[in-house]
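Colleague: Could you work out the structure for the sequence below:
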Amino acid sequence: MKTEILNVYETLAEAYNSLIDHKPHNAHYDRPNMMQLIGDVSGKHILDAACGPGKYSEELIAKNATVIGFDLSPKMIAHAKKRNPETQFLVHDLTEPLSMFEDAYFDMVVCALALHYIQHWEATLMEFYRVLKPGGRLVLSI
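Modeller: Next up is the predicted model:
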């Protein structure tokens, strides 16, 4: 399944990126609701998990957060870097350990519209918990 998802997003990366700012589900439903749940991020250190082309990162950075993002798709990461040139983005699989980050590293983990692509969430959610600071927040949508 992972290979199929990667192939789809590698194929659609350019079109997905070109629509991300105004595609109805993203721009008018998911993103406004997620941003409301996310709240004030000024001065926060945030992990943008499965960041796609970096639109959430862009919005979080505009609100004075420090963001690191990752995605399975190298083409999506290329778009994220172009959109947010000063931000660190990594090619990484959502189902793999986040061993590049220390325990309690982030104030918040944001994961929008991605968990439904993986069969077993337990390990991923445990990794999110591990990298969150005490009292940190996970905000996700599916």
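
Colleague: can you pull out the helices in this structure?
Modeller: 2-19, 24, 31-38, 55-62, 74-83, 122-131 (DSSP state H).

Colleague: same question for the second one, mean pLDDT?
Modeller: On average, the pLDDT along helix 24 is 86.

Colleague: Against E59, how distant is the residue lying closest to R130 once chain neighbours are set aside?
Modeller: Nearest non-adjacent residue to R130, counting by CB to CB, 6 or more residues apart in numbering: D103, 5.6 Å away. Bear in mind the C-beta positions are built from the backbone N, C-alpha and C, glycine included. Applying CB to CB, to the nearest Å, the value for D103 to E59 is 27 Å.

Colleague: more crowded one of the two?
Modeller: Applying other CB atoms under 10 Å to D103 and E59 shows that E59 carries more neighbours, namely 18 against 9.

Colleague: partners of the strand ranked longest in the chain, with directions?
Modeller: Taking DSSP state E as the criterion, the chain has its longest strand at strand 132-141. Here strand 132-141 has these sheet partners by DSSP bridges: strand 106-112 (parallel).

Colleague: Could you check how far the strand it pairs with is from the centre of its chain?
Modeller: How far strand 106-112 lies from its chain's middle: 7 Å, per CA atoms, centre = their mean, to the nearest Å.

Colleague: circling back to that earlier point, between the helices of the chain, which one is nearest to I46?
Modeller: Among the helices of the chain, the nearest to I46 by CB to CB is helix 55-62 (5.5 Å).

Colleague: Pull out the buried positions in that closest one.
Modeller: Using 16 or more other CB atoms under 10 Å as the test for burial, helix 55-62 gives 55-61.
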